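Enquirer: A structural model of the following input is requested.
(chains A and B)
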Number of protein chains: 2
Amino acid sequence: MTLPSRLSPLSSPGVRPFSQRALTTPASPIRRLSPLAAAAQAAGRRIVPLNIGQPDILPPPQFAEGMRQALNRSPIIAYEQSQGSSLLREEWSAYLNRTLALKTTPEQFLITMGASEALIFLFMVCADPGDEIIIFDPSYANYLSFAAIVGVRLVPVPCDEMSGFHLPSVEAIEQVISPRTRAIVICNPNNPTGTVYRKEELSRVLSICEQHGLFLISDETYREFVYDGREPLSALMLDQSSDRVLVVDSLSKRFSLCGARVGTIISRNAEVIRLSMVIAQARLAGPTLEQEAASHLLKTIEPEYLSGVIASYEQRRGALFSAITESAGLPCRLPEGAFYTLVPLPVSDAEHFCSFMLSEFDEGGETIFLAPADGFYIEPPRSRAYVRIAYVVDEERLRRGGELLGSGLAEYRKRYPSRWAHLPESPG
Amino acid sequence: MTLPSRLSPLSSPGVRPFSQRALTTPASPIRRLSPLAAAAQAAGRRIVPLNIGQPDILPPPQFAEGMRQALNRSPIIAYEQSQGSSLLREEWSAYLNRTLALKTTPEQFLITMGASEALIFLFMVCADPGDEIIIFDPSYANYLSFAAIVGVRLVPVPCDEMSGFHLPSVEAIEQVISPRTRAIVICNPNNPTGTVYRKEELSRVLSICEQHGLFLISDETYREFVYDGREPLSALMLDQSSDRVLVVDSLSKRFSLCGARVGTIISRNAEVIRLSMVIAQARLAGPTLEQEAASHLLKTIEPEYLSGVIASYEQRRGALFSAITESAGLPCRLPEGAFYTLVPLPVSDAEHFCSFMLSEFDEGGETIFLAPADGFYIEPPRSRAYVRIAYVVDEERLRRGGELLGSGLAEYRKRYPSRWAHLPESPG
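Expert: Purely as a prediction, here's the structure:
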């Protein structure tokens, strides 16, 4: 039976036309296996959570203090301004100027609900459906989700483990630029590889952006988490006069405030801020109390808090390295920053192994939750099955995690011999 | 000079290619004139804010209490689940079941950052760029922004002031359905008209949706704010088995918690919840503390709070009606619900008049902030210049607002005689 297309919806009342946008948005590789973890916990097993960047380090007490003050100050919890509270923009600007010797002004800030919303806004401002944004592969998995929901095509530039996932040549980057390219996104330090890009690498990307009329979107969520004596580097430090540089910042990791959802866009490009503001007005405003609490925190925070946190992650990095190389017997690259690393597993399908660990494996009532790394790639490597490991739990738990990974692999090899794959020669 | 298109970005490094999406997203008509208001306040003038639905009524103390408890319970403010906390989904479901005699379950809820994010998610789930969603004109201005940022075309069905902005016939609605139509949005009670749709009207729209394979997106932010003995009506009450019904709810207005940003999607359509969840994962999670506070509020709130608030708005509605009709000498429709009404002004351009009131007018150091109503229309009426007035301030301020509006119009008529327009015969 053929109906005129004008009437076709009538002919199929049973069909629910969901959008391709929603149907093709990838589920988070970090959270996709959460139902298995919930089931394991419900069955009484304890889980070492190595999948998600949810630190167990205490946030500075100033945040809760600022929130209590806000609650006492006024019983009314009114809409905040769409661009964020004036006070928070002032304090954040002052904080960056103080700690990074910058000259930002509050007008260059637009407060968002975490770095996630900042990135979604910037993708929306820079690109129309069908436009392209370049990322370095592997990158933070949710860049794929942001692109899917706003209809933007992410174009990967592969980064090789052999070079520590550092950036490839100018030619390799320019090769993927097309007339529809609008921006290059860089996450520095990188999630999931832990690579810290050098100043020269960032300058290389900025100069490509300037030459080709692109924006540089610099996701600096982990900026201060750099080790072995490295110094924090913001793209704002490259060229303080550039209106190509769009920085994304967040309090989530730096101050262990993941659940507060406080982020910002920073740019001296007033038109980017103005257009982000129009989009921000659509969702009215971010939560009021968190902005008051964050203002108080940024105003009163002492440098000792952050140096303590960084020292603690650096120690955990060492503990994870030993756990992976010694207890689990796997190759592991010592990450330069952030609190993640990619570890290659001797299996053909990392997700199957991660599911196995949650659903079938148990040693002394314990198991581990790992994130399969395929979801962090646009074009996953065929030769290796990686997992992303977050070292956000204490050293004892990391050591135990390494043991569980080792025992898990041994049991998996027995149970699923056809899914076993010998690791190629270690690249590091 | 002609360059091959492959190189065109190189040829114009000065051009910053912003997206059409951002360039065409309308600025909020409610917030667009805020810079003028800020300037007036900076110059020492007091402003009666009739532009924005930011109530001055105190929220129930349970919210702050719940937040203090959450702050005391744990110093870690961890990521919440992407779909919202289990507790909040349970408490919200129980609250609706208790107050509206429904049979919802927590799995039918997906917690969002206010109704705004809920609507953006539903637009994304139902429609791809270029698809169409039907709205009743005038509607909440930000529907236009949501549509612009997600690339959806809003198709208006005009509602006439002569019929109190109630819904037109089935034929008038069906006439605009095309093969690309995906949903019909209804805001009940309506912002900006204050119209409360009858059960028969909602059923009419649902049956059109069922017949044509569309979703009914029911924005119930103001559900309980209905007057003259009317009862709150949710689209969930029409047909509890329908998987076409997608309800948007929010604590912002009901509990004077605009700045808390707590909303939800409710639907028995599991696929809609699942796909909304994938989109929700992209932004990780809503703020944790507000969800704990909201759970405590919904668990412990007594019906007396809301009945007191409703009585207070009903009184304010009376005060506004007198102020507009007597002090300002304008026609005014007594709104049936919410806390807004549209008032026609005897001027040719409402926005120019609203700007005049903020920039030029002053009586005893005071003026008023009104929202031009054009931004609430897809196709603004040519014959009338409306403003939207929110009656969220106390009766004394509303009375004063009416006086200022009257004096403002008299002065405007003298200052801008060519912009004066006699009102057509009152339709009510």
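
Enquirer: the helix or strand hosting A:Val309 close to chain B?
Expert: Element membership of A:Val309, judged by DSSP states H and E, is helix A:303-322. No - figure legend: helix A:303-322 not in contact with chain B (CB under 8 Å from any CB of the partner chain); closest approach 13.2 Å. Placement of C-beta: from N, CA and C, glycine included.

Enquirer: what does the stretch 151-300 of chain A put close to chain B?
Expert: Counting by CB under 8 Å from any CB, the residues of the stretch 151-300 of chain A near chain B are A:151, A:177-179, A:181-182, A:210-215, A:243, A:256-261, A:269, A:271-272, A:275-276, A:278-279, A:281-290.

Enquirer: quick one: the strands in the stretch 301-428 of chain A, in order.
Expert: Here the stretch 301-428 of chain A has its strands, by DSSP state E, counting those that start in this stretch, at A:340-345, A:366-369, A:371-372, A:385-390.

Enquirer: by contact count, what packs against the first one?
Expert: Spelled out, it's strand A:340-345. In terms of contacts (3 or more CB pairs under 8 Å, 6 or more residues apart in numbering or on different chains; DSSP states H and E), strand A:340-345 is packed against strand A:385-390.

Enquirer: thought A:Met203 was touching A:Met237?
Expert: Slight slip there: residue A:203 is Ser, not Met. No - counting by CB atoms under 8 Å, A:Ser203 does not reach A:Met237; the two are 10.2 Å apart.

Enquirer: what average pLDDT does stretch A:47-63 get?
Expert: Averaging pLDDT along stretch A:47-63 yields 94.

Enquirer: please apply the same query to stretch A:262-272.
Expert: 97.

Enquirer: with just CA atoms, put it into PDB.
Expert: Taking C-alpha atoms only, stretch A:262-272 is exported to PDB below (Å, rounded to 0.1, in the frame of the first residue of the first chain):
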ATOM      1  CA  VAL A 262      31.000  24.800  37.700                       C
ATOM      2  CA  GLY A 263      33.000  25.500  34.600                       C
ATOM      3  CA  THR A 264      33.700  28.500  32.400                       C
ATOM      4  CA  ILE A 265      34.600  29.700  28.800                       C
ATOM      5  CA  ILE A 266      37.500  32.200  28.700                       C
ATOM      6  CA  SER A 267      38.300  34.200  25.600                       C
ATOM      7  CA  ARG A 268      39.300  37.600  24.700                       C
ATOM      8  CA  ASN A 269      37.100  37.200  21.600                       C
ATOM      9  CA  ALA A 270      34.100  39.300  22.600                       C
ATOM     10  CA  GLU A 271      32.000  38.000  19.800                       C
ATOM     11  CA  VAL A 272      32.500  34.400  21.000                       C
END
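
Enquirer: and that stretch, how far out from the chain middle?
Expert: Its chain's C-alpha centre lies 18 Å from the corresponding centre of stretch A:262-272 when counted by CA atoms, centre = their mean, to the nearest Å.

Enquirer: how close does A:Ala141 sit to chain B?
Expert: Look at A:Ala141 and chain B: by CB to the nearest CB, to the nearest Å, they are 10 Å apart.

Enquirer: so is A:Ala40 in a helix, a strand, or just coil?
Expert: Using DSSP: H, G, I helix; E, B strand; the rest coil, the three-state assignment for A:Ala40 comes out as helix.

Enquirer: who touches it in this structure?
Expert: A:47, A:358-359, A:367 (CB atoms under 8 Å, 6 or more residues apart in numbering or on different chains).

Enquirer: for these, give me JSON lines that also has distance to B:Glu304 and neighbour count.
Expert: Formatted as JSON lines, the contacts of A:Ala40 follow (distance: CB to CB, whole Å; neighbours: other CB atoms under 10 Å in any protein chain shown):
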{"residue": "A:Ile47", "distance to B:Glu304": "44", "neighbour count": "19"}
{"residue": "A:Leu358", "distance to B:Glu304": "47", "neighbour count": "23"}
{"residue": "A:Ser359", "distance to B:Glu304": "49", "neighbour count": "15"}
{"residue": "A:Thr367", "distance to B:Glu304": "50", "neighbour count": "26"}
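
Enquirer: can you pick out the most distant pair from the residues you listed?
Expert: Among the contacts of A:Ala40, the pair separated by the greatest distance (CB to CB) is A:Ile47 and A:Ser359, at 11.8 Å.

Enquirer: quick one: residues contacting the spatially most central residue of chain A.
Expert: Residue closest to the average C-alpha location in chain A (CA atoms, centre = their mean): A:Tyr140, at 4.6 Å. Contacts for A:Tyr140 (CB under 8 Å, 6+ apart) come out as A:187, A:191-192, A:219, A:376.

Enquirer: relative to A:Leu96, which of those is nearest.
Expert: A:Asp219 (15.3 Å).

Enquirer: surely the closest one meets A:Phe123?
Expert: No - using CB under 8 Å, A:Asp219 is not in contact with A:Phe123, being 11.6 Å away.

Enquirer: just give me the neighbour total for A:Glu271.
Expert: Residues contacting A:Glu271 under the criterion other CB atoms under 10 Å in any protein chain shown number 14.

Enquirer: hang on, it is in a helix, isn't it?
Expert: Yes - according to three-state DSSP, A:Glu271 belongs to a helix.

Enquirer: still on that earlier bit, filter the contacts of A:Tyr140 down to the ones in strands?
Expert: A:187, A:219 (DSSP state E).

Enquirer: quick revisit: now, of the residues of the stretch 151-300 of chain A next to chain B, which are buried?
Expert: Buried members of those, scored by 16 or more other CB atoms under 10 Å in any protein chain shown, are A:151, A:177, A:181-182, A:210, A:212-215, A:256-261, A:269, A:272, A:275-276, A:278-279, A:281-290.

Enquirer: now, those that are in helices?
Expert: The helices, defined by DSSP state H, take in A:210, A:212, A:272, A:275-276, A:278-279, A:281-282, A:288-290 from these.

Enquirer: now those as a markdown table including distance to B:His166?
Expert: Putting these into a markdown table (distance: CB to CB, whole Å) gives the following:
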| residue | distance to B:His166 |
| --- | --- |
| A:Glu210 | 57 |
| A:His212 | 55 |
| A:Val272 | 43 |
| A:Leu275 | 38 |
| A:Ser276 | 38 |
| A:Val278 | 32 |
| A:Ile279 | 33 |
| A:Gln281 | 29 |
| A:Ala282 | 28 |
| A:Thr288 | 36 |
| A:Leu289 | 39 |
| A:Glu290 | 41 |
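
Enquirer: max pairwise distance over those: which two?
Expert: A:His212 and A:Leu289 (42.4 Å).

Enquirer: where does pLDDT dip in chain A?
Expert: A:1-16, A:424-428 (pLDDT under 70).
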